[in-house]
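Student: Got a sequence here, can you model it:
(one chain, ligands or ions: 1)
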Amino acid sequence: MKNYQNTFPENFLWGAATAACQIEGAYDLDGKGLSVADVAMRFTKDVARAERKNISLEQVLQAKESRDSKKYPKRHGIDFYHHFKEDIRLCAEMGMKVFRFSISWTRLFPTGIEEIPNPKGVQFYHEVFEELAKYNLEPLVTINHFDMPLHLVLEYGGWKNRELIAFYRRYANTLFDEFGQYVNYWIAFNEINGAKFNVFFSTGTLRENTDNYGEDCYQAAHHQFLASSLIKKDLQSKYPKAKLGCMVAKFTSYPATAEPENAMQMILDEQLNNFYFTDVLVRGEYPYYASKLFHDNGIQLKMEEEDVEILKTYTVDFLAFSYYMSSVSSYDETIEKTAGNLTEMNKNPYLKSSEWGWQIDPIGLRYTLNQLYERYQIPLFIVENGIGADDCLTEDGKVHDTYRIDYLRQHIQQMKLAIEDGVDLIGYTTWSAIDLVSSGTSEMSKRYGFIYVEQDDNGNGSLKRIAKDSYYWYKNVIFSNGEDI
Ligand code: BGP
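Tutor: Okay, here's the model as predicted:
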């Protein structure tokens with residue numbers, strides 16, 4: 001039996017998270033190719049327009065950008081590309097133990113199919129890793145965070161195509177060979193259940209390109225599962241001590257009422273939204289409920305003989321997840337709705353919401369940690385949790401984000417209780433280390449960071465970095481190992 005523990009473990013990984021496509025900018029510098037994050041959602045229309053007018057896709061996108069000044073495009077980020085030294089220094093001075101970031105696939109492989117990586121991309125990340133090492137800041141690296149090469153979508157149809165596995169594997173192995181010496185924790189894909197909720201950015205699958213969208217999404221996920229297993233095999237042989245994790249956007253749900261129908265609905269929602277993905281990656285096989293899911297939706301997965309064994313042999317070492325809110329499950333489809341991460345949620349009358357309508361539920365985090373640990377019993381890592389707010393830089397030149405402190409404090413209290421419950425929680429990286437461009441809305445004004453970045457939704461501003469009140473608060477939390485909150 002495990003020893004009773006009511007404090008955070010000594011080596012607990014406190015930190016914060018980012019993603020390349022939301023911070024780096026420099027989307028067309030030093031040989032970087034276009035990724036799905038660099039273009040608008042409706043880009044197939046843009047491609048058609050470029051072809052019709054015989055101009056480059058880039059020209060079409062630029063014209064569109066100047067027309068649509070309200071939506072500040074992700075591809076300019078917060079210019080981390082030129083500010084990484086300052087940003088990493090600020091995180092280190094805060095006392096962070098771990099910094100989560102992702103590598104931009106197209107900075108290394110501009111179209112995804114090159115055999116040799118772009119030396120300037122490799123050089124950039126060497127500098128980033130060196131900078132982190134200088135401060136003893138542990139990197140937590142997401143190999144792919146919603147920014148697959150656009151070329152792989154246009155020419156290969158995205159992840160529904162099995163050929164993607166080899167391209168991704170080459171990319172991941174380049175990371176292991178170049179940067180493996182620096183990294184203990186890797187995450188194969190950000191929010192792999194994006195195949196259900198964020199299909200274009202996650203898998204590059206488009207409704208326009210298919211007769212059976214549902215099937216293609218599950219096929220894409222199957223290829224990502226295999227890719228994850230195969231790079232686990234590669235990592236294991238190159239760096240036996242390094243850990244590979246899977247990551248999901250955890251959609252925790254309670255029955256909307258005590259009616260048995262809603263309790264049953266909750267089980268089904270949890271299976272389809274979360275466990276379908278984590279069951280395969282953690283347990284190494286498709287869950288028992290998959291056959292009904294495929295039957296009901298007319299899905300026939302294409303699998304090769306070797307797939308079963310690959311999935312079973314190379315499972316993940318830890319389970320990472322993002323947690324922002326919870327929802328309720330109901331058989332009644334007319335139940336009141338509210339906004340949520342990646343998808344609409346059912347409203348829970350007992351919870352308050354953020355400015356963007358996301359339902360705040362700290363106890364749901366303890367619930368989730370227990371739920372996941374009970375199911376899998378492998379180390380858990382919370383790699384995103386935070387509140388988006390339209391922070392205000394006040395006349396004193398500061399940002400008084402007490403609501404963020406409250407949100408994080410309440411969630412950390414619940415993490416501590418989960419540790420006391422016996423859950424093996426190894427780390428916590430809040431979303432986000434620094435303000436960045438929102439993934440869902442492309443806004444700059446939906447801010448999450450401990451560090452304010454002076455830039456508005458139109459991309460105007462000095463890009464100056466300013467520590468918010470939450471910066472100093474979190475510094476103390478880390479310093480006291482979660483005791484002084
Ligand atoms: C997650 C993504 C992040 C991040 C976060 C907040 O789904 O992994 O990239 O952006 O959600 O979402 P948003 O930026 O839409 O507020």
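
Student: Residue 474 and residue 404 touch, don't they?
Tutor: No. Taking CB atoms under 8 Å as the contact criterion, residue 474 and residue 404 are not neighbours in contact, 9.2 Å apart. Glycine gets a C-beta too; all of them are placed from N, C-alpha and C.

Student: Which residues are in contact with residue 402?
Tutor: Counting by CB atoms under 8 Å, 6 or more residues apart in numbering, residue 402 makes contact with residue 469.

Student: What of residue 378?
Tutor: Neighbouring residues of residue 378 by CB under 8 Å, 6+ apart: 282, 316, 317, 318, 319, 424.

Student: same check, this time on residue 298
Tutor: Residue 298 touches 212, 214, 215, counting by CB under 8 Å, 6+ apart.

Student: Who are the contact partners of residue 425?
Tutor: Taking CB under 8 Å, 6+ apart as the test, what residue 425 contacts is 12, 369, 379, 380, 381, 382, 415, 418, 419.

Student: Let's see that with 7 Å instead.
Tutor: Listed by CB atoms under 7 Å, 6 or more residues apart in numbering, the contact partners of residue 425 are 369, 380, 415, 418, 419.

Student: Can you add pLDDT and give these back as a markdown table?
Tutor: Putting the contacts of residue 425 into a markdown table (pLDDT from 0 to 100) gives the following:
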| residue | pLDDT |
| --- | --- |
| 369 | 98 |
| 380 | 98 |
| 415 | 98 |
| 418 | 98 |
| 419 | 98 |
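
Student: For burial, what's the neighbour tally of the residue nearest to residue 290 when sequence neighbours are not counted?
Tutor: The shortest distance from residue 290 to any residue other than its chain neighbours is 6.7 Å, reached at residue 276 (CB to CB, 6 or more residues apart in numbering). As a burial measure, residue 276 scores 21 neighbours (other CB atoms under 10 Å).

Student: how close does residue 477 sit to residue 430?
Tutor: Relative to residue 430, residue 477 is positioned 10 Å away (criterion: CB to CB, to the nearest Å).

Student: repeat for residue 146
Tutor: In this structure, residue 146 and residue 430 are 18 Å apart, going by CB to CB.

Student: which one of those two has more residues nearby?
Tutor: Counted by other CB under 10 Å, residue 146 and residue 430 do not tie: residue 430 has more neighbours, with 27 against 23.

Student: ok, then the element right after the helix or strand hosting the more buried one?
Tutor: Element membership for residue 430 (DSSP states H and E) is strand 425-431. Later in the chain than strand 425-431, the nearest helix or strand by DSSP H and E is strand 451-453.

Student: Give me the residues contacting that next one.
Tutor: With contact meaning CB under 7 Å, 6+ apart, strand 451-453 is reached by 78, 90, 391, 393, 399, 433-435, 463, 465-468, 471.

Student: Pull the contacting residues for the residue of the stretch 301-450 of the chain found nearest the ligand.
Tutor: Checking the stretch 301-450 of the chain residue by residue against the ligand with CB to the nearest ligand atom singles out residue 440 as nearest, at 2.6 Å. For residue 440, the contacting residues are residue 342, taking CB under 7 Å, 6+ apart as the criterion.

Student: so which of the contacts of residue 298 comes closest to the ligand?
Tutor: Distances from the ligand to those, taken as CB to the nearest ligand atom, are shortest for residue 214 (21.4 Å).

Student: Make sure that closest one is actually in contact with residue 299.
Tutor: Yes. Under the criterion of CB atoms under 7 Å, residue 214 lies in contact with residue 299, with a separation of 6.1 Å.

Student: The stretch 301-450 of the chain against the ligand: which residues are in contact?
Tutor: Applying the criterion CB under 6 Å from any ligand atom, the portion of the stretch 301-450 of the chain that neighbours the ligand consists of 322, 341, 342, 384, 388, 431, 438, 439, 440, 441, 446.

Student: likewise the stretch 1-150 of the chain?
Tutor: Near the ligand, the residues belonging to the stretch 1-150 of the chain are 19, 22 when assessed by CB under 6 Å from any ligand atom.

Student: just the strands in the stretch 1-150 of the chain please.
Tutor: In order along the chain, the stretch 1-150 of the chain carries the following strands (DSSP state E, counting those that start in this stretch): 13-17, 98-102, 138-142.

Student: Starting from the first one, tell me which strands it pairs with and how they run.
Tutor: Each strand paired with strand 13-17, and its direction, by DSSP bridges: strand 98-102 (parallel), strand 425-431 (parallel).

Student: for the longest one, the distance to its chain's centre please.
Tutor: The one in question is strand 425-431. Taking CA atoms, centre = their mean, to the nearest Å, the mean C-alpha location of strand 425-431 is offset from the chain mean by 13 Å.

Student: relative to strand 138-142, how tilted is that strand?
Tutor: With axes from the mean of the first three to the mean of the last three CA atoms, to 10 degrees defining the directions, strand 425-431 sits at 70 degrees from strand 138-142.

Student: hmm, back to that, which pLDDT value belongs to the residue of the stretch 301-450 of the chain closest to the ligand?
Tutor: In the prediction, the pLDDT value recorded for residue 440 is 86.

Student: For the residue nearest to residue 422 when sequence neighbours are not counted, the count of nearby residues, please.
Tutor: Residue nearest to residue 422 in three dimensions, not counting chain neighbours: residue 2, with 5.7 Å by CB to CB, 6+ apart. Counted by other CB under 10 Å, the residues lying close to residue 2 total 7.

Student: Residue 2 and residue 86, how far apart?
Tutor: Using CB to CB, residue 2 is found at 42 Å from residue 86.

Student: contacting residues for residue 202?
Tutor: Residue 202 sits in contact with 146, 191, 194, 195, where contact means CB under 7 Å, 6+ apart.

Student: any idea which of those is closest to the ligand?
Tutor: Distances from the ligand to the contacts of residue 202, taken by CB to the nearest ligand atom, are shortest for residue 191, at 5.2 Å.

Student: OK, contacts around the residue in the stretch 1-150 of the chain positioned nearest to the ligand?
Tutor: Closest contact between the stretch 1-150 of the chain and the ligand, by CB to the nearest ligand atom, is at residue 19 (4.8 Å). Applying CB under 7 Å, 6+ apart to residue 19 gives the contacts 102, 142, 145, 146, 190.

Student: got it, and residue 344?
Tutor: With contact taken as CB under 7 Å, 6+ apart, residue 344 is in contact with residue 337.

Student: Just the pLDDT for it.
Tutor: In this prediction, residue 344 carries a pLDDT score of 89.

Student: Give the phi and psi angles for it, as a check.
Tutor: phi -70, psi 150 (degrees, to the nearest 10).

Student: And it, how far from residue 263?
Tutor: 21 Å.

Student: just the helices in the stretch 101-250 of the chain please.
Tutor: Using DSSP state H, counting those that start in this stretch, the helices assigned to the stretch 101-250 of the chain run over residues 105-108, 119-134, 150-154, 163-179, 194-197, 199-203, 213-238.

Student: Okay, now the unreliable bits of the chain?
Tutor: Within the chain, the stretches with pLDDT under 70 are 40-52, 61-73.
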